[in-house]
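1. Below is the sequence, then the predicted model.
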Amino acid sequence: MLISVLGTGYLGATHAACLAASGHDVIGVDRDPGRLAVLRSGRAPFHEAGLDELVRDGVASGRLRFTDDPADVADAEVHFLCVGTPQADDGDGADLSALWSAADALAPYLDDRALVVGKSTVPVGTAARLRDRLGARVAWNPEFLREGRAVRDTLSPDRLVLGVESDDDHRTLLLVYADLVAAGVPVIRTDLPTAELAKVSANAMLAARISTVNLLAEVCEASGADVGDLTTILGADPRIGRDFLAPGLGYGGGCLPKDTRAFVARARELGVVESAGLFDAVDRVNLRQRSRTVELARSLLPGGTGTVAVLGGAFKAESDDVRDSPALDVAVRLHRAGAAVRLHDPYAGANVRRERPELTVVDDVASACRGADLVLVLTEWPQFAALDPHEVGELVSRRTVLDARLVLDPEKWVGAGWDFRALGRSA
Ligand code: UGA
C-alpha cells in the first residue's frame, strides 16, 4: 500500500520507517529542509534506538522516501497526520496550527479513495472538525510510543486503537497493520472522540501516577521511611503494578506536561470544571520537584553557590530530547542563581548547547566533576548509575552528591566518604 506520513518528528519518522519495514511504500512529508536532508541520507534526525538502521534500510530499498511537496503524495491511499501539537503560547491548550496547515496543504490532493488518519495528540473533538474541514474520510489512531523505545513500541505495541466511522475505514487500517494483527496485537475499534481521548487520558494517568509517587517520596523524606521499599511494596499489588513508580525529579518531555495541561483545558471547555482541578495538583506537584531540587542543591553549596557538576540534560535516559526537560530546568536555575554549572549528557549535549547556550556543556563525566563542590544527577542514564564513587571522589573538591533520580546506590557512595542526598530520602 502507498502511505504518506505528514510530519517527521519522533512520532512521524518512527512511524514512517516502521511502516516501510513492514513492506509498505511510504513517503514522509516535512517542511524542515535540514531534517529532510538527514532522512534522505538514510539516517534518523535524533537519537532513537534502532531507528537509524530502519531508516537506512527503508531508504536503500526505495520503500521509504521523503519530500516537502504534498503533491507527491496525491496517489497515497492512507495519509497519517503526525505533526506536533505543542502547548499554545497563550494558555494551557494545544496549539493545532501545524495540524491545520498540514491538513490544508494535503486537501487539494484528497479524493474519495483517501483515508486521513490522525496520530497526533489532540483535544477531543478535533477529528470531527478535521473531517468537516476536509470533507474527507477521517480516522484516529493514537500512538503510545515512548521516546527511547519508539521503534520497539511501534513494532510491538500493547494495543492498536482504531477510531473509525465506517467498516471500510476499519478494514483499511487492518490492512495497514496486517503484520501487527497477525502477530496477535489486540485491536480496539472505537469512535473518533474515544480514540482521541485515549491518548491524552493515558498520558494524564501516567503523569498522575508520577506525581502521586513523588508526593509519597516527599513524605518518606520527612518521616524517614524508605521510598525504595515503599514502591516495591506498592508495585507488588497487581492492581497497582510496578511500572511508572520511579520517584525523583518528575516528568518532562514533549508529551506528559503539555498533554496533561491540554486535557484540563479541554475538560474545562466541555464544562468539567471542578474535577479537572485534580490535574492542576498533578502539575503543581510535578513542578515542585524541580524547585525542591534547586533549593536542596543550593543548601548543599558553600554560601549557596559554587561549582556544580550536572549529570544529565535529557528529559529522560535513552533520549537526546531536551523539550521541557526537568534536568535542563534545574541546571538553568542554578546557573541563574550564580552557580558555575558544568553539564554532561551522553547524547543530549548538542541539544542542550542549542537550547541553552548560556550553559557550559562538557564531553565527559570527568570534565564535569573536576573541582566540583556538588555533583547533581538529573537524568537516570545507566552510565551515571554505574559511576565509581571512589573515582569520582578523586576529581571533586567536595564529596557532596545529590541524586535527584534515585539511581545511585546510597551505601556505596556513603561508604566512599560522600555526603549523599537524594530526593525522597532523609539526609
Ligand atoms: C510518554 C508516554 O509514556 C507514551 O506512552 C506516549 O506515547 C508519549 O508520552 C507521547 O505522548 O508521545 P515519553 O514522553 O517518551 O512517553 O516518556 P515517558 O517514558 O513516559 O517518561 C515521561 C517522563 O516521566 C520522563 O521525564 C521520565 O523521566 C518521567 N518518569 C517516568 C518518572 O519520573 N518516573 C517514572 O516512573 C516514569
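-> Right, received. Where do you want to start? Residues are numbered from 1 along each chain as shown.
2. Pick out the residue nearest the middle of the chain.
-> With distances taken as C-alpha atoms, centre = their mean, the chain has Gly253 as the residue nearest its mean C-alpha position (4.4 Å).
3. Am I right that that residue sits in a strand?
-> No: residue state for Gly253 (DSSP: H, G, I helix; E, B strand; the rest coil) corresponds to coil; a strand is not indicated.
4. Now the element after the strand or helix carrying Arg284, going C-ward?
-> Taking DSSP states H and E as the definition, one finds Arg284 inside helix 277-299. The helix or strand immediately downstream of helix 277-299 is strand 307-311, counting by DSSP H and E.
5. What are the contacting residues of that next one?
-> If you take C-beta atoms under 8 Å, 6 or more residues apart in numbering as the criterion, strand 307-311 is touched by 297, 301, 327, 330-331, 334, 339-345, 365, 368-369, 371-379, 381, 384, 396-397. The C-beta positions use only the backbone N, C-alpha and C, and glycine is treated the same way.
6. any idea where the strands of this structure begin and end?
-> 2-6, 25-29, 64-67, 78-81, 115-118, 137-140, 160-163, 187-190, 307-311, 340-344, 360-361, 374-377, 400-403, 419-422 (DSSP state E).
7. Indicate which one of the ones you listed is closest to the ligand.
-> strand 160-163 (11.5 Å; C-beta to the nearest ligand atom).
8. check whether the closest one contacts the ligand.
-> No: on the criterion C-beta under 6 Å from any ligand atom, strand 160-163 is out of touch with the ligand, staying 11.5 Å away.
9. picking that back up, which among the contacts of strand 307-311 end up buried?
-> Buried subset of the contacts of strand 307-311 (neighbour count, 16 or more other C-beta atoms under 10 Å): 297, 301, 327, 330-331, 334, 339, 341-345, 365, 368-369, 372-379, 381, 384, 396.
10. Same list, those residues, but only the ones touching the ligand.
-> Counting by C-beta under 6 Å from any ligand atom, no member of these reaches the ligand.
11. Alongside the ligand, which residues does the chain contribute?
-> Checking the chain against the ligand by C-beta under 6 Å from any ligand atom, the hits are 121, 143-147, 203, 206, 210, 244-246, 248, 250-253, 255-256, 259, 315-316.
12. quick one on the thing from earlier: OK, contacts around the residue nearest to the centre of the chain?
-> Gly253 neighbours (C-beta under 8 Å, 6+ apart): 147, 315-316, 319, 321, 323-325.
13. For my notes, please list the strands of the chain in TSV and give distance to Leu278 for each entry.
-> Shown next, in TSV, are the strands of the chain (distance: least, C-beta to C-beta, whole Å):
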stretch	distance to Leu278
strand 2-6	34
strand 25-29	38
strand 64-67	42
strand 78-81	30
strand 115-118	27
strand 137-140	25
strand 160-163	24
strand 187-190	24
strand 307-311	33
strand 340-344	35
strand 360-361	38
strand 374-377	31
strand 400-403	30
strand 419-422	28
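14. Check the burial of Cys18 by counting its neighbours.
-> For Cys18, the count of nearby residues is 23 (other C-beta atoms under 10 Å).
15. any idea what sits nearest it, other than its immediate chain neighbours?
-> Closest residue to Cys18 apart from its sequence neighbours, by C-beta to C-beta, 6 or more residues apart in numbering: Thr154 at 4.4 Å.
16. Right, I'll leave it there.
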